[in-house]
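Enquirer: Build me a model:
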Amino acid sequence: MSLPTEPIGSIPRSKELLAAITAHAAGRVSEEQFHAAEEAALRDTISHFEQTGSPVITDGEQSKSSFATYPLAGLSKLAPDGVIIPFADGHTRQLPRLTAGPFRYGVHAASFLQAARRYSNRPLKQAVISVSALSLLYPKHELPGYPREKFLDDLVSEGERDIRECLTAGAHCVQVDFTEGRLALKLDPSGGLLNSFIELNNRVLNRFNEEDRSKIGVHTCPGADKDSTHSAEVNYALLLPDLFRLNAGRFYVQLASEPDRKRVLRLLRDHLPPGKMLFIGVTDPINAKVESAGEVRDRVVEAAEFLSIKALGTTDDCGFSPFCDDASTSRETAFAKIRSRVEGTGLAADILKA
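Expert: Below is the predicted model of the structure:
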């Protein structure tokens with residue numbers, strides 16, 4: 001296959017792991033038993049990933065509490081009453097609130113990459129959370145002895161370390177999850193919040209050289225949790241020009257679930273900077289219907305009408321289970337969709353002579 005295709009990251013946790021997560025939270029299983037359940041889920045996930053034929057795989061985020069909160073594991077200077085993110089179906093997710101500095105990650109993403117490498121020699125992709133998402137941890141009122149600017153300096157350094165350690169550990173590529181990009185425009189239609197997010201993420205990205213940035217991508221979507229979104233109503237035209245100001249080499253853009261894909265493809269054509277790789281979403285994780293390989297093929301061929309195939313790749317619109325308790329999509333459905341993406345991308349490559 002000469003058209004690249006990659007997953008976004010998360011796979012629904014196994015039933016056994018979900019049961020272990022609940023039991024561990026209630027104190028009914030030991031740390032050793034809990035980690036054994038995580039390890040079994042990781043091994044099974046990688047095995048199934050390889051069976052899909054995916055040329056690039058992930059660990060399925062089996063050991064992450066969520067795509068956004070993994071750096072907070074083990075930290076004590078946090079309160080539970082942070083920023084609330086509402087979803088279209090009425091459910092919410094809430095971030096913690098920082099109560100004191102200095103801020104350091106409790107867990108870095110390279111640890112997940114190193115664990116996955118024990119079970120596969122395939123190219124491994126690693127997702128990391130954006131520093132802009134974690135900037136929401138800081139409260140509205142300044143913390144005594146720890147001003148916001150000092151927090152942001154610490155956060156940028158930790159974000160750089162999170163990416164750099166993954167590259168050093170041999171990641172095929174590192175994906176920065178930036179789902180809050182579209183949400184920022186919902187929270188602040190003036191674009192001020194989005195602009196501050198772009199600038200903050202670029203403080204991290206600008207610390208890498210061009211070769212490194214070719215392996216660093218940014219993922220955008222309107223959220224995909226419990227079959228719902230948090231910002232799908234926000235006009236893509238307001239996001240994409242600013243998204244491409246991010247100094248990354250790759251972009252992973254939700255597209256399959258858009259009601260007017262050709263409109264978005266025109267926007268992508270008009271705003272994608274030269275020399276960047278663009279991975280378009282060709283499967284919709286929050287739609288229970290499994291796309292056929294033929295449907296994926298047709299979506300890729302459609303995209304090639306607007307975009308250079310030299311810059312084109314495919315992906316899923318979002319992860320299949322960004323939060324560990326999201327069981328709205330089955331593991332079987334997730335892997336079936338991935339298999340269709342891989343097969344359909346190959347069919348499109350044959351047609352396009354890519």
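Enquirer: Phi and psi next, for Q126.
Expert: phi -130, psi 130 (degrees, to the nearest 10).
Enquirer: partners of it in the sheet?
Expert: Beta bridges link Q126 to V174 when assigned by DSSP bridges.
Enquirer: What segments of the stretch 1-150 of the chain are strands?
Expert: Per DSSP state E, counting those that start in this stretch, the stretch 1-150 of the chain carries strands over the ranges 78-79, 84-86, 92-94, 97-98, 125-129.
Enquirer: D284 is nearest to which of those strands?
Expert: Of all those, strand 125-129 sits nearest to D284, with 18.7 Å by CB to CB. C-beta here means a position set from N, CA and C on the backbone, and glycine is covered the same way.
Enquirer: now that closest one, how far from the centre of its chain.
Expert: Relative to the chain's own centre, strand 125-129 is displaced by 7 Å; criterion: CA atoms, centre = their mean, to the nearest Å.
Enquirer: For that strand, give me every contacting residue.
Expert: Counting contacts by CB atoms under 8 Å, 6 or more residues apart in numbering, the residues outside strand 125-129 that touch it are 6-10, 56-58, 61, 67-71, 109-110, 112-113, 159, 162-163, 166, 171-177, 219, 319.
Enquirer: From these, list just the buried residues.
Expert: Among the contacts of strand 125-129, those classed as buried by 16 or more other CB atoms under 10 Å are 6-10, 56-58, 61, 67-71, 109-110, 112-113, 159, 162-163, 166, 171-177, 219, 319.
Enquirer: Identify the residues contacting the nearest residue to C173 once chain neighbours are set aside.
Expert: Nearest residue to C173, sequence neighbours excluded (CB to CB, 6 or more residues apart in numbering): K215, at 4.7 Å. By CB under 8 Å, 6+ apart, the residues touching K215 are 167, 171-174, 249-250.
Enquirer: again, only this time at 7 Å
Expert: K215 is in contact with 167, 173-174, 249, counting by CB atoms under 7 Å, 6 or more residues apart in numbering.
Enquirer: ok, back up a step: now mean neighbour count, mean pLDDT and distance to Y146 too, for the strands of the stretch 1-150 of the chain, in a markdown table please.
Expert: Shown next, in a markdown table, are the strands of the stretch 1-150 of the chain (neighbours: other CB atoms under 10 Å; pLDDT from 0 to 100; distance: least, CB to CB, whole Å):
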| stretch | mean neighbour count | mean pLDDT | distance to Y146 |
| --- | --- | --- | --- |
| strand 78-79 | 14 | 98 | 13 |
| strand 84-86 | 15 | 95 | 23 |
| strand 92-94 | 13 | 96 | 22 |
| strand 97-98 | 20 | 98 | 8 |
| strand 125-129 | 26 | 98 | 21 |
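Enquirer: Show me the one of the ones you listed that comes nearest E142.
Expert: Closest of the strands of the stretch 1-150 of the chain to E142 is strand 97-98, at 11.2 Å (criterion: CB to CB).
Enquirer: you'd agree C173 is up against H219?
Expert: No: using CB atoms under 7 Å, C173 makes no contact with H219, being 11.1 Å away.
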